[in-house]
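**Student:** Next one to model:
(one chain, ligands or ions: 6)
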Amino acid sequence: MGLLSLGTPLPWPEAKPLADHVRYHGISQFLNLWAQIKDRRGDKLLWGDEIEYIVVSFDDENRNARVSLRQAEILDVLAKSHRQTADEAPGIASQVPTFHPEYGRFMLESTPGQPYGASPRELRAVEANMRLRRRIARSHLHPHELPITLTSYPRLGCNDVPFTDPHLEPRGDASRSMFLPDEVINPHARFPTLTANIRKRRGAKVAINMPVFHDENTPKPFYDPTIPHDRNLFPEDKEAGEGGAALPDHIYMDAMGFGMGCCCLQVTFQACSVQEARTVYDQLVPIGPLMLALTAASPAYRGYLSDVDCRWNVISAAVDDRTREEKGLEPLKESRMVMPKSRYDSVDNYISLDALNRPEYNDNPLPVDEGIKARLEAAGIDSLLSSHLAHLFIRDPLVIFSEMVDQDDEVSMDHFENIQSTNWQTMRFKPPPPGGQIGWRVEFRSMEVQVTDFENAAFSVFIVLLTRAILSFGLNFYIPISKVDENMKRAHHRDAVQKESYYFRKQVYRTKPRHHQREASAARTRSASATRVSSRAPSPGPGPGPSSSVPPHARSGNGVVAAAAAVNGSTPASPYRSRAASPELGPVEEEYEEMTLDEIVNGRRQPSASSSARRGQDEEEEQGAGAGDFPGLVGLVYNYLDSLNIDVETRIEMGAYLDLVAARARGELMTTATWIRQYVRSHPEYKKDSVVSPGINYDMIKRLDEIERGVVEAPGFLPANYAKRRRAFGDNE
Ligand code: ADP
Ligand code: MG
Ligand code: MG
Ligand code: MG
Ligand code: MG
Ligand code: MG
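**Tutor:** Ligands and ions are numbered 1, 2, ... in the order given. Modelled structure (predicted):
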């Protein structure tokens, strides 16, 4: 979570009339900042991860594992210890990891003390940093407590036996949930208010329905017997049954905490300029759903196995504040517009000015606040970025502090951040804070947190290296954004790694790997045929074409790469081009096809019939490979590593991470979600009825901890050498 503003939060009836005020001043604040930072350049590629933990409290006597609600005390102790370290060793104070509050009062978030660099040598330090954070957290908890990196707590909201420590009844006024007490919410005024205002704005409790996993003995249709339909504490108690909010064959959840109580793994990058940030943002958009499927880790909710493997839709529904009118269920009367998505959802539009960004790719409906868009454009902001912001600003601010209503728009960014930070999308585009050291950043947000720091390091490092490869080679992952959304849907399905295919671009890698390229580049520049550039590559338009100012590693006979590099690199950005469709480039539909995750990640040698038919002979020769050849995302990362002179040891370390990603994509190692599902289904207490009983949950969390510490092996889940490697780190008793 971002910075917590302090003050008195306004209840919804008082916040609502201030929505336009906050939006107006939020945009003023952005425009003031923009004037200062639009030309900011030369920031280094720094990056950092965020890891979220659930603090579990074991009741060994009753074989029960509960979530501990001691967040505030724990954070106090951690902060004290941080200050002490800083006092004792001021030289390294900035490197000491920090811990942050999260929505759930059973959650912690940790980040490195300062961002890392992106050199492979620094990447080798990431896993140790993550382990240090886990060790620090662990050593400041009670002996019966444990920080676990589990995405969803399988028995959150199960009241047959206590699931919180201390035990509490679900009767809180903020969420009015039948399952979750308000005490699971971080007590800082912001969070209960956020919860209550989402419910009030929406006009009902949130309704989350995840399909139940039908096992042999699961009743069909399944009507959840644990929903207390006869409770009569709040008017909202009728919603589940009479109101039809709880769907048959689904696991029904009715509170924000079910979503925001999930843990994720996020990675934030700093780019050298706003243009580069926009490129990184766009290129990572199609990667989001793929990484969600690969990191899937949350197959159980409210005591049942579900038929989904990941959290995203749960959180999306958990903070869906749209009215029935906004959802298109009723004609617009009170509400301003129809909004196809929750504020927590996938990205709706690409924003790069890169010539690669064809207007046709932005094919999702994009409701915008027209007044805001006009204002941004009048201030000289191009239409892509204006649309992005005007789309975020269709939302209302949910929490307004009475002390913060009137701000100096020259110095504050609070109103802007109010809207920005409650748009939770797969990517976040973060402008530099005013007057500081920090530059333009992009946050990659789709990944689920993994049980071990080896995995968390592997996925983080993979994304960092992929980002380096994207920038270094001018890679092009664009597909229509509606297809990214389709991938997002598929990524949720049970065993989405193995069973689904995903839309992916056929041609992403237009230059040879750098080590081939040095020899080949000059020849190719000469042999590049003008027809090929104009028939297959987006025209660089008014922007720079291949030019000597483009770094040699990015130069090729192909104008696409050069144009991309020009935008990414230090050459002036191309002036923004007309947003007219580009029919001369051929139909967008021919640029992508469906592939398995294995093919996308590990590559393939099989030419696809449709693409090889369209491709000329000379080009195949020039590319020196089969027409359908694609090195895969892991292959692209290796190509990038090969372009650096790294030592053998570093390459082996990076290789261990890439091997994990590759093995998960191949299905050789199972995802966390599959491991959890298998563990539950093979537990002696399991009755084949989809129920994750307290005992199963208890044993599973103990087992996951043993796996994390390397005291038991996890064949088929983690690499064979994981336990040994983990024990070498120590701290595994
Ligand atoms: P959020 O608003 O997403 O909670 P945080 O403040 O928790 O953001 O930070 C996210 C990550 O960004 C952290 O890992 C942090 O180390 C990293 N970070 C901080 N400064 C920079 C920077 N200048 N460039 C890149 N990453 C940074
Ligand atoms: Mg967080
Ligand atoms: Mg954070
Ligand atoms: Mg956060
Ligand atoms: Mg934040
Ligand atoms: Mg974050």
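**Student:** Now residue 92: closest residue in space, sequence neighbours ignored.
**Tutor:** With CB to CB, 6 or more residues apart in numbering as the criterion, residue 92 has its nearest non-adjacent residue at 7.7 Å, and that residue is residue 85. For the C-beta atoms, the positions are set from N, CA and C on the backbone; glycine is no exception.
**Student:** ok, the one you found - contacts?
**Tutor:** Counting by CB atoms under 8 Å, 6 or more residues apart in numbering, residue 85 touches 92-93, 96.
**Student:** ok, now with 10 Å
**Tutor:** By CB atoms under 10 Å, 6 or more residues apart in numbering, the contact list for residue 85 reads 92-93, 95-97, 113, 136.
**Student:** hmm, which of the residues you listed are the buried ones?
**Tutor:** Applying a neighbour-count criterion of 16 or more other CB atoms under 10 Å, the buried members of the contacts of residue 85 are 96-97, 113, 136.
**Student:** Next secondary structure element downstream of the longest strand seen in the chain?
**Tutor:** Assignment by DSSP state E gives strand 47-59 as the longest strand of the chain. Counting by DSSP states H and E, the next helix or strand C-terminal to strand 47-59 is strand 64-68.
**Student:** Got phi/psi on the spatially closest residue to residue 43 that is not a sequence neighbour?
**Tutor:** Beyond its immediate neighbours in the sequence, the residue positioned closest to residue 43 (CB to CB, 6+ apart) is residue 439, lying 3.1 Å away. Backbone torsions for residue 439, taken as degrees, to the nearest 10, come to phi -100, psi -160.
**Student:** what about the strands in the stretch 451-600 of the chain?
**Tutor:** Taking DSSP state E, counting those that start in this stretch to define them, one finds strands in the stretch 451-600 of the chain at 501-505, 592-596.
**Student:** In space, what's closest to the residue of the stretch 601-733 of the chain found nearest ligand 5 - neighbours in sequence excluded?
**Tutor:** For the stretch 601-733 of the chain, the nearest residue to ligand 5 under the criterion CB to the ion is residue 672, separated by 24.2 Å. Beyond its immediate neighbours in the sequence, the residue positioned closest to residue 672 (CB to CB, 6+ apart) is residue 297, lying 3.6 Å away.
**Student:** Residue 428: what secondary structure?
**Tutor:** Put simply, residue 428 is strand when judged by DSSP: H, G, I helix; E, B strand; the rest coil.
**Student:** just residue 214 next, same as before
**Tutor:** Under three-state DSSP, residue 214 falls in the coil class.
**Student:** That one - how many residues pack around it?
**Tutor:** Other residues within reach of residue 214, judged by other CB atoms under 10 Å, total 16.
**Student:** Ok, residue 340 next?
**Tutor:** The number of residues packed around residue 340, counting by other CB under 10 Å, is 15.
**Student:** I'd guessed it sits against residue 391; true?
**Tutor:** No: in this structure, residue 340 sits apart from residue 391 without contact. The criterion is CB atoms under 10 Å, and the distance is 11.0 Å.
**Student:** intersection of neighbour lists for the two?
**Tutor:** Among the neighbours of residue 340, those also in contact with residue 391 (CB under 10 Å, 6+ apart) are 348, 364, 366-367.
**Student:** Looking at the residues you listed, which is nearest residue 193?
**Tutor:** Top of the list for closeness to residue 193, among the shared contacts of residue 340 and residue 391 and by CB to CB, is residue 367 at 25.6 Å.
**Student:** ok, now which ones touch that closest one?
**Tutor:** 326, 336-341, 348, 390-391, 394.
**Student:** Tell me the secondary structure at the closest residue to residue 470 other than its chain neighbours.
**Tutor:** Closest residue to residue 470 apart from its sequence neighbours, by CB to CB, 6+ apart: residue 283 at 4.7 Å. Local secondary structure at residue 283 is given as helix here, using three-state DSSP.
**Student:** now residue 283: how far from ligand 1?
**Tutor:** Going from residue 283 to ligand 1 by CB to the nearest ligand atom, to the nearest Å gives 17 Å.
**Student:** from what I can see that residue touches residue 347, true?
**Tutor:** No: proximity of residue 283 to residue 347 does not meet the contact threshold set by CB under 10 Å, at 11.8 Å.
**Student:** that older thread, show me the residues around the residue of the stretch 601-733 of the chain closest to ligand 5 that make contact.
**Tutor:** In this structure, residue 672 makes contact with 149-151, 295-299, 309-310, 448-452, 455, 664, 704, 717, judged by CB under 10 Å, 6+ apart.
**Student:** ok, the residue in the stretch 201-350 of the chain that ligand 5 sits nearest to - contacts?
**Tutor:** Closest approach between the stretch 201-350 of the chain and ligand 5, counting by CB to the ion: residue 266, at 9.1 Å. Residues in contact with residue 266, defined by CB under 10 Å, 6+ apart, are 48-52, 109, 111, 428, 443-447, 449, 460, 463.
**Student:** For the stretch 1-150 of the chain, just list every one of the strands.
**Tutor:** All strands of the stretch 1-150 of the chain, identified by DSSP E, counting those that start in this stretch, fall at 47-59, 64-68, 98-100, 107-111, 145-148.
**Student:** Please name the strands paired to the last one in the sheet, noting orientation.
**Tutor:** Here strand 145-148 has these sheet partners by DSSP bridges: strand 47-59 (antiparallel).
**Student:** still on that earlier bit, could you list which of the contacts of residue 266 also contact ligand 1?
**Tutor:** With CB under 6 Å from any ligand atom as the criterion, the subset of the contacts of residue 266 in contact with ligand 1 comprises 48-50, 111, 443.
**Student:** Ligand 6 next: which of those residues are close?
**Tutor:** Intersecting the ones next to ligand 1 among the contacts of residue 266 with the contacts of ligand 6 gives residue 50 (criterion: CB under 5 Å from the ion).
**Student:** Looking at the ones next to ligand 1 among the contacts of residue 266, state which has the most neighbours.
**Tutor:** Neighbour counts for those peak at residue 49, which has 27 neighbours (criterion: other CB under 10 Å).
**Student:** Identify the residue spatially nearest to the residue of the stretch 101-250 of the chain found nearest ligand 6, adjacent ones excluded.
**Tutor:** Using CB to the ion, the point where the stretch 101-250 of the chain gets nearest to ligand 6 is residue 109, with a distance of 8.1 Å. Take residue 109 and drop its neighbours on the chain: the residue closest to it by CB to CB, 6+ apart is residue 100, 4.3 Å away.
**Student:** Model confidence score at the one you found, please.
**Tutor:** Model confidence at residue 100, expressed as pLDDT, equals 96.
**Student:** Under the pLDDT cut-off, which ranges of this structure? List them.
**Tutor:** Low-confidence segments of the chain, defined by pLDDT under 70, span residues 1-5, 510-583, 606-628, 732-733.
**Student:** Which single residue in the stretch 201-350 of the chain comes nearest to ligand 1?
**Tutor:** With CB to the nearest ligand atom, the shortest gap between the stretch 201-350 of the chain and ligand 1 falls at residue 270, namely 3.1 Å.
**Student:** any idea how far that residue lies from residue 442?
**Tutor:** Between residue 270 and residue 442 the distance is 8 Å, computed by CB to CB, to the nearest Å.
**Student:** who touches both of these two?
**Tutor:** Common contacts of residue 270 and residue 442 (CB under 10 Å, 6+ apart): 47, 276-277, 280, 430.
**Student:** Any chance of JSON lines for those residues, columns distance to residue 205 and neighbour count?
**Tutor:** Below are these laid out as JSON lines (distance: CB to CB, whole Å; neighbours: other CB atoms under 10 Å):
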{"residue": "47", "distance to residue 205": "38", "neighbour count": "27"}
{"residue": "276", "distance to residue 205": "42", "neighbour count": "26"}
{"residue": "277", "distance to residue 205": "37", "neighbour count": "24"}
{"residue": "280", "distance to residue 205": "38", "neighbour count": "25"}
{"residue": "430", "distance to residue 205": "31", "neighbour count": "21"}
